[in-house]
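[1] need a 3D model of the sequence below.
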Amino acid sequence: MADPEEMKDLMEKYKQKLEKELGTAAQEKPQKTDTREYKKFKEEYTPGHLTLYEKLCSFSEKLVKVTPDKKKAEELQESINVCHLNLTPTGATSFAMLAPFFIIIVAGFISLVFLKSFFFVLFFIILGISIIGPLGRLPNFIATSWRMKASNQMVLCVFYVVTYMRHTSNLELALRFASDHISPPLSLDLKKVIWDVETEKYSTIKESLEAYLQTWRKFNMEFIEAFHLIEASLYEGDEKLRLETLDKSLDVILTETYEKMLHYAQNLHSPITMLHMLGVILPILGLVILPLVVSFMEGVKWYSISLLYNVGLPVLVYYLGKTILAKRPSGYGDTDISELPEYKKNTNVSVKFGGKELSISPLKICLMMGILLFLVGISPLVLHLFIQDETNLGFGEVDESSTCLRAYCLLDYRTDESGQSSGPFGLGASILGLFITIAFGFSIGYYYRLKSKNVIGIRKKTQQLEQEFASGLFQLGNRLGDGIPAETAFGRVSAGMEGTVSGSFFKMVSMNIRRLGMGVSQAIFDPKHGAMLFFPSDLIESSMKVLIESIKKGPKVAANALMNISRYIREIHKVNERLKDLMSEVISSMTSQIKFLTPVIAGIVIGITSMVTTILGKLTLQMKQLNAGEEGAGGALASGFFGQGVPTFYFQMIVGIYVVQITYILTVLSNGIENGSDKLNERSELAKNMTRATFLYCFVSLAIMLIFNMIANKIMAVSLVGT
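    Below is the predicted model of the structure:
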């Protein structure tokens, strides 16, 4: 029987010989993924709110242990494994039962004792009962969000694995290469696949990968098929068949992605229409009749309506939107370069002061701006505290039927028969109240603008480079195929593509080589002067790394690698454009809702509300004057028939904040449908849509309020003359 030490030495000897013959460099050997490194990586990526959720579930399980049934426990455990949460199905179920109970008890007690409102008690009871189900399925929602982000990176993942394995047929190295060039969460999944082998949970990389792929069996079969083809290529003895199998794997995921997105687009119209009706049309049109409702039901207060419109409805619309997004197939995602360390500073505002450059957080600037605008918006409430006599606080013609003796009042607080004051009903207060909406809409929009404006320009330039890059790589591959050294080839390609973004990239590499005496690798990846510093793209970076690795095996190998990468990029770009084509109708419909329909409809509603409130207020005042001195139930009924109603000031605040909320939700939803999980583009769209929708809403509201109040005063003047 052979000695184990001799066997080990023999294996090492042949391993070194194979590496030498195959040209596998020493640095290509897989580096051990340390347990602590993986855990640190996971902790850095995992959002703070998930960590808090894990702690709450752990605490709930210790306090009250609620065990789910076997089927639900298995489903929850699967979701927990997918998104790497540190909790148990029992903990998640216990939290789902305990949290609503806590909300009902605490919020109900506060509502009953301090607010003395049974409406709020009932609201919180309904809220508590209704969130038991969603909280119980929260790990499933988190897993769905994780899957959506991960699935958006799957095409690129297969692309990177295939690209690497064309020149080095090693699955573990290819997975490591892919994990280094895609962003979380899929990079975390791939690192875990490697980590499970290093910690000996699985004996081989294929076993670990197969166990991971099984988690996608119900959600993304094309991803599994693509990797099975990649694994099959390892067993092909013929080089031509091996490369064809690798090419087939990328074709499979691209074709299947397109077909799934086609079905998704076809089935999307009905949910989007329902979302539009529930989230935009019905709520805003419902506000038209609310002034009349509250005039006859004095128990209904403005804050009750606010609770419904600014809490209940946005949560419902957001939930429906997330449900729609959860069914989105995989796509082609973009990297959020604002999260990269070298571009973090670009998300702040730079101000030169005393010869020094200060970096200020956009959050601080927009928070101060929002507070100042909000103070202007609530100024009618502040003025009422200091000014009791409102006789002269008005503008326009003399009008004795008005509390301020003018056609239009600034504050207009009214007192009912019990002596309780309510308001402000004045047109001036309603106009000033628009600043509350501006405080929320403009400050949020401006925050996202400051945070994304510097980075989005770099991203757009990079996207343009990616579109042109396929042609540039093809030309570079041709030059290398002609036997021209890579150092010279970059210069020749840049001369042929002068005036394009790709030409600028290749020229920068060439300049670094000629003027700074750098090698090809340093000219591209140098941390201070490298061309990649100015074009942050995982796609380009990975292509250049493949070039560097394949050059070691000869110019012909490098030329073939670049030409195949060029073809892959063209195919991915073609499928991506088709996907955008499929979604264009739905996206254009949602964009029109965000940019025009929602703010305009809401503005018109505010104008109608203002007119109705003005007419009802003046009718009530006239009835009181006509019945002055009368005794009996008839006079009392006539004088208090319409009630005080809800001031336009509060209605405008409710609707304005709802417009801001619905604009935010629809923007996030439309970006998610079109681009998947693309946070940078989401921030850019929020910056434009929040500002535009807020401005349009405030402009329409102001114009319609002024016009309709003039009409209301004319109507009341005619009716007064008639009497």
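[2] and the strands in the stretch 401-550 of the chain, which stretches?
    406-409, 414-415, 421-422 (DSSP state E, counting those that start in this stretch).
[3] of those strands, which stretch is the most buried?
    Among those, the stretch with the highest mean neighbour count (mean count of other C-beta atoms under 10 Å) is strand 406-409, at a mean of 23. The way it works is simple: take the backbone N, C-alpha and C, and place the C-beta from them, glycine included.
[4] wait, what's in contact with the closest residue to residue 461 other than its chain neighbours?
    Closest residue to residue 461 apart from its sequence neighbours, by C-beta to C-beta, 6 or more residues apart in numbering: residue 501 at 6.1 Å. By C-beta atoms under 8 Å, 6 or more residues apart in numbering, the contact list for residue 501 reads 461, 464-465, 468, 535.
[5] and if you look at residue 595?
    Residues in contact with residue 595 (C-beta under 8 Å, 6+ apart) are 689, 692-693, 696.
[6] check which helix or strand residue 365 maps to.
    Following DSSP states H and E, one finds residue 365 within helix 362-377.
[7] what comes into contact with whichever helix or strand comes after that helix?
    Using DSSP H and E, the helix or strand that follows helix 362-377 towards the C-terminus is helix 379-386. Around helix 379-386, the neighbours that count as contacts under C-beta under 8 Å, 6+ apart are 410-411, 413, 423-424, 426, 428-429, 432-433, 649.
[8] let's see which of those end up in helices.
    428-429, 432-433, 649 (DSSP state H).
[9] and residue 633, what's its pLDDT?
    Note on residue 633: pLDDT of 44.
[10] how about residue 440?
    According to the model, residue 440 scores 93 on pLDDT.
[11] give the contact list for it.
    Neighbours of residue 440 in contact, by C-beta under 8 Å, 6+ apart: 370, 656-657, 660, 694.
[12] out of those, grab the one that's most surrounded.
    residue 656 (29 neighbours; other C-beta atoms under 10 Å).
[13] what's the spacing between it and residue 515?
    57 Å (C-beta to C-beta, to the nearest Å).
[14] hmm, back to that, can you lay out the strands of the stretch 401-550 of the chain as CSV showing mean pLDDT and distance to residue 206?
    Output for those, formatted as CSV (pLDDT from 0 to 100; distance: least, C-beta to C-beta, whole Å):
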stretch, mean pLDDT, distance to residue 206
strand 406-409, 72, 78
strand 414-415, 71, 78
strand 421-422, 71, 73
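[15] thinking again about what came up before, among the ones in helices among the contacts of helix 379-386, which one has the most neighbours?
    Neighbour max across the ones in helices among the contacts of helix 379-386 (other C-beta under 10 Å) = residue 649, 29 neighbours.
[16] contacting residues around that residue?
    Going by C-beta under 8 Å, 6+ apart, residue 649 touches 380, 423-426, 429-430, 432-433.
[17] which of the residues you listed scores worst on pLDDT?
    Lowest confidence among those: residue 423, with 73.
[18] burial count for the residue nearest to that one when sequence neighbours are not counted?
    Nearest in space to residue 423, with sequence neighbours left out and distances taken as C-beta to C-beta, 6+ apart, is residue 413 at 3.5 Å. Using other C-beta under 10 Å, residue 413 is surrounded by 21 other residues.
[19] check what pLDDT residue 413 gets.
    For residue 413, pLDDT reads 75.
[20] thinking again about what came up before, could you dump the strands of the stretch 401-550 of the chain into CSV and include distance to residue 189?
    Listed next are the strands of the stretch 401-550 of the chain as CSV, based on distance: least, C-beta to C-beta, whole Å:
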stretch, distance to residue 189
strand 406-409, 63
strand 414-415, 63
strand 421-422, 58
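[21] list just the one of those that sits closest to residue 275.
    Distances from residue 275 to each of those were compared by C-beta to C-beta, and the smallest falls on strand 421-422, at 35.8 Å.
[22] what packs against that closest one?
    For strand 421-422, the elements it packs on are strand 414-415, judged by 3 or more C-beta pairs under 8 Å, 6 or more residues apart in numbering; DSSP states H and E.
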